[in-house]
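# got a predicted structure plus its sequence, pasted below:
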Amino acid sequence: MDENNKENQNRTTPVRVRMPPSPTGFMHVGTLRMALFNYIFAKQKGGKIVLRLEDTDRQRSKKEYADDILDGLRWLGLNWDEGPFYQTQRAEIYKQYLEKLVDRGKAYHCFCSSEELEAHRQYQMSRGEAPIYSGKCAAISPEEARELISCGRKSVIRFRAESKKIKFNDLVRGEIEFDGSLIGDFVIAKDFENALYNFTVVVDDFEMGITHVIRGEDHISNTPKQILIQEALGLSRPEYAHLPIIMGADRSKLSKRHGAVGVTEYRRQGYLPEALINFTAFLGWNPGTEKEIYLMPELIRDFSFDKVQKGGAVFNSARLDYLNSCYIKNCAPGDLAKLCLPYFVSAGYLSEEKSGGQTVYKNPRTGERVELEFIEKIVSYQQSRLKKLSEIAEASGYFFLSELSYEKELLKWKDASFAETKLALDKIKNIFANIEAGDWKRQNLEEAVLPQIAGFNLSVGKPEKDRGYLLWPLRVALCGQKMSIGPFEMADVLGKEKTAKRIDAAVEMLNGSICAPNLFNR
RNA sequence: GGCCCCAUCGUCUAAUGGUCAGGACGCUGCCCUUUCAAGGCGGAAAUACGAGUUCGAUUCUCGUUGGGGCCA
């Protein structure tokens, strides 16, 4: 390897990377991370990104999966410059290179049966040897091979691997060395029309002018094979960077087994792309400072391979949740409201209607039209409570109900009696009644009620400072449950009229209880 | 089985010969508080093991152990 040439090449050749997902499943976190690091590096260097779908496994590759991956990348903002290219459409290109190798005697047809191969492999392993091909068919001449093939003998194409030391530099790990004699002649194609992974990668990376191969650690042991093929074909060698893999809780490569969720599924659950990107970028990389919230432009600015971790990282969804909640908190309420709309719709709290090119939202229970401002208000009060967007609907359902259903016991705070609870609600009802609809704002409501708590508590003989005697009944009256946003916030969202209606309904329930003894007299 | 890669709190990681081994998530205590969150202030929690180099090792070297990956 000529170091000077290599340096010159680096200086003059613009960076080109590839995103090479395999459409054999829905887009998962591993795909996301490989695409992400390629994206970050390319953007940092002002380079180009080629998207290549490695679909040579026709059994398992599906268009559905490819579409899912494309959608996922777009949603995450990981855009590419060229492609998508599909390997299945490039068979003609591979064939040319394959023929070149066979013509040059660097590859040959092998007629060994799989039983034969397996037996040999078992034998070698039992002797503690590396399981490599015996070389039985290596001496078969091209003429002989052609004859055997025309007789209908099944064959594969093997690469004649040189027995030499193969060294390459890895941007993450430094120099890595393999012993070529332990690789053996390996299969590069089923036939001229069906090239296999290690071969297609080499051809594509060259054809697409890839300068930097950034991929998972699981490809380290493929690298020497690919280098050997490059050399036999006389192709230039790209730079390599092998990133640590992402692991499940059991420390093995993350997969469906671990309940690994697809990117689309995260999207559906209401994870923000920024959170997913921030989280994934920090799985195996960190800036070396204590800054942990990183947006794409900062990632692009600060990324470097020497800060990339060498060991694999366990996927920790609690941390993803935390990051997501950070990004949700930082969202502008207007934007957040728009993001939350679909969750209200799918929970049945909103219905969507198209009218004149505009989408109109209605409350299906009441038929009322629901404005975005209303959702925005809810969302702004819920913002600090959400880990993911999908939680918004369940946490805010009570705003959409026309009638609440709850046990009247729930209205009582601590040792308060029904009578005292009713007094509290009456008190608040009166205060609220004096507030003009135009002044119906959270802060005004709060300022009207809070100063009167002490007086109320003293009059009913409760601890002066315990706000719960007055505020808890209000909370329950407005939402019918234990957990909610603040009562004044709820009143703000509901508006004067509905707030009064819900308080009345609660008072009504309490009246029933307080008069209960009379029931026996009837 | 062969080869390759890796090893700091439970998890993600900082510290490249001298730090009380730092931060974050999670867990936990307190404060705030009408609930749940959020927020503020604390706490428990790690250098896998063994040699060597060195005045001194998380850090350098070797070995062991452990984990992972690829090869069918």
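Structure received.

# residues of the helix or strand hosting A:Asp204 that come out buried?
Element membership for A:Asp204 (DSSP states H and E) is helix A:197-207. By 16 or more other Cβ atoms under 10 Å, the buried positions in helix A:197-207 come out as A:Tyr197, A:Asn198, A:Phe199, A:Thr200, A:Val201, A:Val202, A:Val203, A:Asp204, A:Asp205, A:Phe206. Quick note: C-beta positions are derived from backbone N, CA and C, even for glycine.

# so what secondary structure elements neighbour that helix?
Under the contact criterion of 3 or more Cβ pairs under 8 Å, 6 or more residues apart in numbering; DSSP states H and E, helix A:197-207 touches helix A:91-103, strand A:186-191, helix A:223-233.

# residues in contact with that helix?
Helix A:197-207 has contacts (Cβ atoms under 8 Å, 6 or more residues apart in numbering) with A:18, A:20, A:52, A:54, A:56, A:85, A:87, A:90, A:93-94, A:97-98, A:159, A:186, A:188-189, A:195, A:210, A:213, A:222, A:225-226, A:229-230, A:233, A:235-236, A:238.

# quick check: next helix or strand after that helix?
Downstream of helix A:197-207 (by DSSP H and E), the next one is strand A:212-216.

# buried sites along that following strand?
So for strand A:212-216, counting by 16+ other Cβ under 10 Å, buried means A:His212, A:Val213, A:Ile214, A:Arg215, A:Gly216.

# for the buried residues of helix A:197-207, which one is nearest A:Ala139?
If you rank these by distance to A:Ala139 using Cβ to Cβ, A:Phe199 comes first, at 22.1 Å.

# how close does that closest one sit to A:Phe159?
Distance check for A:Phe199 against A:Phe159: by Cβ to Cβ, to the nearest Å, it reads 8 Å.

# enumerate the residues of the stretch 301-450 of chain A near RNA strand B.
A:307, A:309-314, A:316, A:318-319, A:321-322, A:325, A:329, A:384-385, A:413 (Cβ under 7 Å from any atom of the strand).

# cool, and the stretch 101-250 of chain A?
Applying Cβ under 7 Å from any atom of the strand, we find that the stretch 101-250 of chain A lies next to RNA strand B at A:114, A:117-118, A:121, A:125, A:128-131, A:173, A:176-179, A:182, A:186-187, A:217-218, A:220-222, A:244-245, A:247, A:250.

# report the buried members of those residues.
Buried among those by 16+ other Cβ under 10 Å: A:Leu117, A:Arg121, A:Arg173, A:Ile176, A:Phe178, A:Phe186, A:Val187, A:Glu217, A:Ile220, A:Pro244, A:Ile245, A:Met247.

# the last one: what's it in contact with?
Meaning A:Met247. The contact partners of A:Met247, by Cβ under 8 Å, 6+ apart, come to A:Lys253, A:Leu254, A:Gly312, A:Ala313, A:Val314, A:Phe315.

# quick check: beta-bridge partners of it?
Beta-bridge pairing for A:Met247 (DSSP bridges): A:Lys253, A:Val314.

# once you drop chain neighbours, what's closest to A:Tyr86?
Nearest non-adjacent residue to A:Tyr86, counting by Cβ to Cβ, 6 or more residues apart in numbering: A:Leu53, 5.0 Å away.

# related to what we said a few turns ago, with pLDDT and distance to A:Thr264 added, can I get the buried ones among the residues of the stretch 101-250 of chain A next to RNA strand B in TSV?
Shown next, in TSV, are these (pLDDT from 0 to 100; distance: Cβ to Cβ, whole Å):
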residue	pLDDT	distance to A:Thr264
A:Leu117	83	40
A:Arg121	82	39
A:Arg173	92	33
A:Ile176	91	35
A:Phe178	91	38
A:Phe186	92	36
A:Val187	92	35
A:Glu217	93	25
A:Ile220	93	30
A:Pro244	94	25
A:Ile245	92	22
A:Met247	91	22
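
# quick revisit: overlap in contacts of A:Phe199 and A:Phe159?
Shared contacts of A:Phe199 and A:Phe159 (Cβ under 8 Å, 6+ apart): A:Ile188, A:Ile229.

# about what we covered before: and the gap between the residue nearest to A:Tyr86 and A:Met27?
Relative to A:Met27, A:Leu53 is positioned 11 Å away (Cβ to Cβ).

# count of residues packed around the residue of the stretch 351-500 of chain A found nearest RNA strand B?
When scored by Cβ to the nearest atom of the strand, the stretch 351-500 of chain A has A:Arg467 as its residue closest to RNA strand B, at 2.9 Å. By other Cβ atoms under 10 Å, the residues close to A:Arg467 number 16.

# do you know the pLDDT at it?
Note for A:Arg467: predicted pLDDT of 93.

# follow-up on the earlier one: and which of the buried residues of strand A:212-216 is nearest to RNA strand B?
Nearest member of the buried residues of strand A:212-216 to RNA strand B, counting by Cβ to the nearest atom of the strand, is A:Gly216, at 7.7 Å.

# wait, what's in contact with the residue lying closest to that closest one once chain neighbours are set aside?
Using Cβ to Cβ, 6+ apart and skipping the chain neighbours, the partner closest in space to A:Gly216 is A:Ile245 (5.3 Å). Contacts here follow Cβ under 8 Å, 6+ apart; on that basis A:Ile245 touches A:Gly30, A:Gly216, A:Glu217, A:Asp218, A:Lys253, A:Leu254, A:Gly312.

# mind checking how far A:Ile245 is from A:Ile214?
To A:Ile214, A:Ile245 is 13 Å away according to Cβ to Cβ.
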